[in-house]
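S.K.: Sharing a model that was predicted from the sequence below.
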Amino acid sequence: MEPSWPDKFLVALTRLLPARLMGSFVYLLSRSRRPWLKNALIRGFLRLYDVDTEEAAREIPEGYATFNEFFTRELRPDARPVHSNPDQLLSPADGTIAQTGHAHNGHLLQAKGIEFSATGLLANSLLASKLVKAPFATVYLAPYNYHRVHMPVAGRLRQTIFVPGKLYSVNARTTATIPELYALNERLVCEFETDRGPFALVLVGAMNVASISTAWGGEIFPPADKKVIHSDYTEQTIELAQGEYMGHFNMGSTVVMLGPAGNCAWHESLQPGQPVQVGTPIGELVPA
């Protein structure tokens, strides 16, 4: 379906915004340790968004030194019980399902009538060839969501690829209007090996996402030369259990899960627009 002219106008406006400069400003503001400022930011945010404050592990706002600490907050241990089962795929994040399905000829569905290539998303043709027909799910994280990303299955880290890029918004308007959006935006590709084959978790940046952090490497910033950063972990043993924390956005965005390479039956209820939570099953893996 052809995007409406208001959608086209808003997307055109998005392209003109100085996203990198805005991200730098948001980064500085969100890291301020001045109590009056960070408290004002947190309270203002809570007035704008329906955040479940009862789930937070610390008192709000006193328990957080910066707004970013609050935004990337941990939850109480009992807030997200993990339904661990090696035959199931768990949701990697809190958010809303944008799309699910299986890669077709190396392409994934971005929005109705719009596809994007796995090679473009992953910035690695070899990895894309391993996942040419793999299941995929895209989860959009709204500002009010819990912003930590967890493992959908247990896996051993093989490599990461940090790809500098645009910082377009990733809402429904832009995904329906900008082709290859997820492959244009800045992102961190994480390849894991499992007993069902390889899979990738891709943390896609967006407007106001100043950086991405991982459990094994801490915070990652775009390099000044804007070159792709490839990190090989095959000689290390970094293993993460199903449901374990693996990274987070410093501000919010989207997670694309691609694989494991074997067959997967998504739950019938898993449709675009459905809210999901970390640790809950969203698909069944065919037994090895």
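M.R.: Perfect, I can see it now. What you see is a predicted model; the values in this text were computed from it and never measured. Residues are numbered from 1 along each chain as shown.

S.K.: wait, is residue 126 part of a strand?
M.R.: No - remark: residue 126 does not belong to a strand; assigned using DSSP: H, G, I helix; E, B strand; the rest coil, it is helix.

S.K.: and it, how many neighbours?
M.R.: Applying other C-beta atoms under 10 Å, we find 9 other residues in the vicinity of residue 126. In this view, the C-beta of every residue, glycine as well, is placed from N, C-alpha and C.

S.K.: Residue 129 now?
M.R.: 12.

S.K.: Contacts only, for it.
M.R.: Residues near residue 129 by C-beta atoms under 8 Å, 6 or more residues apart in numbering: residue 106.

S.K.: Alpha carbons of stretch 160-177, in CSV - could you do that?
M.R.: Taking C-alpha atoms only, stretch 160-177 is exported to CSV below (Å, rounded to 0.1, in the frame of the first residue of the first chain):
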residue,chain,number,x,y,z
THR,A,160,29.8,-9.0,16.8
ILE,A,161,29.6,-6.5,14.0
PHE,A,162,29.0,-2.8,14.9
VAL,A,163,27.7,-1.0,11.8
PRO,A,164,27.7,2.8,11.9
GLY,A,165,24.7,4.3,10.0
LYS,A,166,21.7,6.5,10.1
LEU,A,167,19.6,7.2,13.2
TYR,A,168,16.1,7.2,11.6
SER,A,169,13.1,6.7,13.8
VAL,A,170,11.8,3.1,13.6
ASN,A,171,8.1,3.6,14.2
ALA,A,172,5.3,2.3,12.0
ARG,A,173,5.4,5.3,9.7
THR,A,174,9.1,5.0,8.9
THR,A,175,9.2,1.2,8.5
ALA,A,176,6.3,1.5,6.0
THR,A,177,8.0,4.2,4.1
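
S.K.: mind checking how far it is from the chain centre?
M.R.: Using C-alpha atoms, centre = their mean, to the nearest Å, the mean C-alpha position of stretch 160-177 is found 11 Å from that of the whole chain.

S.K.: One more: stretch 229-240?
M.R.: In terms of C-alpha atoms, centre = their mean, the centre of stretch 229-240 is set 19 Å apart from its chain centre.

S.K.: With only the CA atoms kept, save it in PDB.
M.R.: The C-alpha coordinates for stretch 229-240 follow below in PDB (Å, rounded to 0.1, in the frame of the first residue of the first chain):
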ATOM      1  CA  ILE A 229      33.900  -2.700  13.800                       C
ATOM      2  CA  HIS A 230      34.200  -6.500  13.700                       C
ATOM      3  CA  SER A 231      35.000  -8.400  16.900                       C
ATOM      4  CA  ASP A 232      35.800 -12.100  16.800                       C
ATOM      5  CA  TYR A 233      35.000 -14.100  20.000                       C
ATOM      6  CA  THR A 234      35.700 -17.600  18.700                       C
ATOM      7  CA  GLU A 235      38.800 -18.000  20.800                       C
ATOM      8  CA  GLN A 236      36.900 -16.900  24.000                       C
ATOM      9  CA  THR A 237      34.200 -18.700  25.900                       C
ATOM     10  CA  ILE A 238      31.300 -16.300  26.300                       C
ATOM     11  CA  GLU A 239      28.200 -18.400  26.900                       C
ATOM     12  CA  LEU A 240      24.800 -17.000  27.900                       C
END
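
S.K.: List the buried residues in that stretch.
M.R.: Under the neighbour-count criterion of 16 or more other C-beta atoms under 10 Å, stretch 229-240 has 231, 233, 240 buried.

S.K.: again, but for stretch 153-167
M.R.: For stretch 153-167, burial by neighbour count (16+ other C-beta under 10 Å) applies to 153-167.

S.K.: same deal with stretch 87-105?
M.R.: Neighbour-count burial for stretch 87-105 flags 88-100, 103 (criterion: 16+ other C-beta under 10 Å).

S.K.: Give me the subset of these lying in strands.
M.R.: Judged by DSSP state E, the buried residues of stretch 87-105 include 88-90, 95-100 as members of strands.

S.K.: Which of these sits closest to residue 175?
M.R.: Closest approach to residue 175 among these (C-beta to C-beta): residue 98, at 6.6 Å.

S.K.: check contacts around the closest one.
M.R.: Counting by C-beta under 8 Å, 6+ apart, residue 98 makes contact with 111, 138-140, 172, 175, 254, 272.
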